[in-house]
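> Sequence and predicted structure, then a few things I'm wondering about:
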Amino acid sequence: MENAACTLNQIVLGLESSCDETAAAIVTSDKKILSNLVLSQQQHAQTGGVVPEVAARAHLDHLDTLIVKAMDEAKVTFKDLAAIAVTAGPGLIGGVMVGAMTAKAMAAVHNIPLIAVNHLEGHALTARLTEDISFPYLLLLVSGGHCQLLIVKDVGSYTQLGSTIDDAAGECFDKTAKVLGLGYPGGSALEKTAASCTDVTAAQKRFALPRPMVGKPGCDFSFSGLKTAAKRMIETLKPEDTADFCAAFQKTVGDILCDRTSRAIDAYLEQAPTSPTLVVAGGVAANKTLRAMLEQCAAEKGLAFAAPPLKLCTDNAAMIAWAGVERLQRGLTDPIDFPVYPRWPLDPAARR
Ligand code: KG4
Ligand code: ZN
């Protein structure tokens, strides 16, 4: 239940540092994003993946100045803040600790309530910042580290219907893009390359990639077989076929996501939601082809469809600040000694 405090317009500072984006944002309880700054660490492109120690040091170098900039841009001071919300996991623990310790220090000095946010809850609730979506909704969370289907029943209340048994969809995009020489992280570069394909159906026939789990019972995903098959195909790929290959790969990922999501929709509808909605979130949800396929899949089953604007799909601090607003409205603040978690499932009963 929301408490009386929610009638006031509250301002929350959000911090994110769980992977390779250092981010700070100011968001209000009446859904205004006053600032939203994201610094993507470029140094990981050289290693083709995030080196945790390098990422943590880079967060330490930049987070404080980014906070000052975010507060200046929003024209707020510490006196204006109703709370500081910070990612407390899951993620690369060195980076998470940089964010958590920074938030704790500011909260202690300025006597401001603290909110320890689950990064996945940040992704899960973003659509409620940009649209009016009521609980319960079905969520497909697709990012570099996660691929899950969950029923979002309320803030802090989730039922996981399925998850990947191996790689996340974003990881599959990134590894494939890397083998193609498209850089790291390569999801959006792969999407851009695929845009030059003129006949996706023909491309998918030529590059017949496996679709693990499709047609199987349940809502779990698997992407490692697709990743390996894509790598093998790329070894003999002619440069002029790159766009067609990327389009076929992207469509194959879409087929897998739609098959699993459509099964999850059936399970979700058994709960007779009042306004059935499919929400897609996480970095991979920035992909326009996948959004269109999932929207179609939702429409076929009579569900409304929502996906955050592209900038709020990939990691950012506005989503952490918003999760903070939602928690603050329910009186859910945390003590200054809150712990940080490398692993933190949204549904504690989930097996993986
Ligand atoms: O949510 P996110 O920023 O970080 C995690 O929490 O993992 O997601 C990053 C992932 C990366 O794998 C990236 O390649 C992927 O999202 N991604 C995309 C696109 N934009 C980002 N994948 C496919 N198409 C895109 N346009
Ligand atoms: Zn994320």
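Here it is on my side, so go on. Numbering: from 1, shown residues only. Ligands and ions are numbered 1, 2, ... in the order given.

> what's the domain layout of the chain?
4-125+313-329, 133-308 (automatic domain parsing).

> from those, which stretch is densest packed?
domain 4-125+313-329 (a mean of 21; mean count of other Cβ atoms under 10 Å). Bear in mind the C-beta positions are built from the backbone N, C-alpha and C, glycine included.

> I'd like the average pLDDT over it.
Model confidence over domain 4-125+313-329 averages 94 on the pLDDT scale.

> where does the chain come near ligand 2, residue by residue?
143, 315 (Cβ under 5 Å from the ion).

> pull the longest helix from the chain.
Using DSSP state H, we find that the single longest helix of the chain is helix 242-269.

> Against which helices or strands is that one packed?
strand 137-142, strand 147-154, strand 157-163, helix 169-179, helix 187-194, helix 200-206, helix 224-235, helix 288-300 (3 or more Cβ pairs under 8 Å, 6 or more residues apart in numbering; DSSP states H and E).

> Next, give phi and psi for the residue nearest the centre of the chain.
Central residue of the chain (Cα atoms, centre = their mean): residue 282, 2.3 Å from the mean position. Residue 282 has phi and psi values of phi 100, psi 160 when expressed as degrees, to the nearest 10.

> quick one: it and residue 123 touch, right?
Yes: look at residue 282 against residue 123 with Cβ atoms under 8 Å: they come within range, at 5.1 Å.

> shared neighbours of those two, which are they?
Contact with both residue 282 and residue 123 is made by residues 141, 143, according to Cβ atoms under 8 Å, 6 or more residues apart in numbering.

> picking up where we left off before, need the pLDDT of the closest residue in space to the residue nearest to the centre of the chain that isn't next to it in sequence.
Counting by Cβ to Cβ, 6 or more residues apart in numbering, the nearest residue to residue 282 once its immediate chain neighbours are dropped is residue 143, at 3.4 Å. At residue 143, the pLDDT value in this model is 95.

> what do you get for residue 1?
For residue 1, pLDDT reads 46.

> Just to check, residue 106 is in contact with residue 86?
No: the criterion here is Cβ under 8 Å, and residue 106 misses it with residue 86 at 9.5 Å.

> okay, the helices and strands packed on helix 242-269 in JSON lines with distance to residue 54 next?
Formatted as JSON lines, the helices and strands packed on helix 242-269 follow (distance: least, Cβ to Cβ, whole Å):
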{"stretch": "strand 137-142", "distance to residue 54": "26"}
{"stretch": "strand 147-154", "distance to residue 54": "25"}
{"stretch": "strand 157-163", "distance to residue 54": "28"}
{"stretch": "helix 169-179", "distance to residue 54": "17"}
{"stretch": "helix 187-194", "distance to residue 54": "21"}
{"stretch": "helix 200-206", "distance to residue 54": "37"}
{"stretch": "helix 224-235", "distance to residue 54": "24"}
{"stretch": "helix 288-300", "distance to residue 54": "30"}
